[in-house]
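Student: Return a 3D structure for these sequence lines:
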Amino acid sequence: MGGLLFHIGNHQKFGKPAEWIRQLGKRIVKLDVEDWGVEKAFCKIGEGDVDWSAVRAARAGIRYTGWATAEVAGGGRDRCAEILANMRKHLLGARGGARPAGRSHGLRQMFALPRWLGGW
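Tutor: Below you'll find the predicted structure:
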């Protein structure tokens, strides 16, 4: 059985990712998390034009529990920690990028960092 790899930022360039997520529904098997903006093009998660609250609502609406990976420029320890914090904040809705407390986010954590980097 196949499925779709959905690029959030790529779809922002041409439309609204949340609408696509709702339409594609259970066919989505992986999310590539990136941001895109009219003024910044591809940029850090949270610095573009993606409506992350709408993306979170759409993801919850289709009960997505698959993989999510950051498709952004990498770097050292500090950059990796920043990416994780941005994904937690914008994709999961965690305050300040902290690990969501007392609840399951329902995503497989391909973006999780080792404990020594402040990961899960």
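Student: Please enumerate the helices of the chain.
Tutor: Along the chain, the segments classed as helices by DSSP state H run 8-12, 17-24, 52-61, 77-90.
Student: between the ones you listed, which gets nearest to Val38?
Tutor: Nearest of the helices of the chain to Val38, taken as CB to CB: helix 8-12 at 9.5 Å. Bear in mind the C-beta positions are built from the backbone N, C-alpha and C, glycine included.
Student: tell me which residues in the closest one are buried?
Tutor: 8-9, 11-12 (16 or more other CB atoms under 10 Å).
Student: swap in stretch 55-68?
Tutor: Result for stretch 55-68 [16+ other CB under 10 Å]: buried residues 55-56, 58-59, 64, 66-68.
Student: And the longest strand belonging to the chain, what does it pack against?
Tutor: Using DSSP state E to define each element, the chain has its longest strand at strand 28-33. With contacts taken as 3 or more CB pairs under 8 Å, 6 or more residues apart in numbering; DSSP states H and E, strand 28-33 sits against strand 4-7, helix 8-12, strand 67-70.
Student: Is it possible to get a markdown table of the helices of the chain that adds distance to Lys40 and mean pLDDT?
Tutor: Output for the helices of the chain, formatted as a markdown table (distance: least, CB to CB, whole Å; pLDDT from 0 to 100):
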| stretch | distance to Lys40 | mean pLDDT |
| --- | --- | --- |
| helix 8-12 | 11 | 93 |
| helix 17-24 | 16 | 97 |
| helix 52-61 | 15 | 96 |
| helix 77-90 | 14 | 91 |
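Student: Nearest to Leu31 among those would be which one?
Tutor: helix 8-12 (6.5 Å).
Student: Run through the neighbouring helices and strands of the closest one.
Tutor: Short answer (3+ CB pairs under 8 Å, 6+ apart): helix 8-12 packs on helix 17-24, strand 28-33, strand 35-37.
Student: before we move on, the earlier item: other residues contacting the longest strand of the chain?
Tutor: 2-10, 21, 45, 59, 62, 64, 66-72, 87, 90-91, 111 (CB atoms under 8 Å, 6 or more residues apart in numbering).
Student: Okay then, goodbye and thanks.
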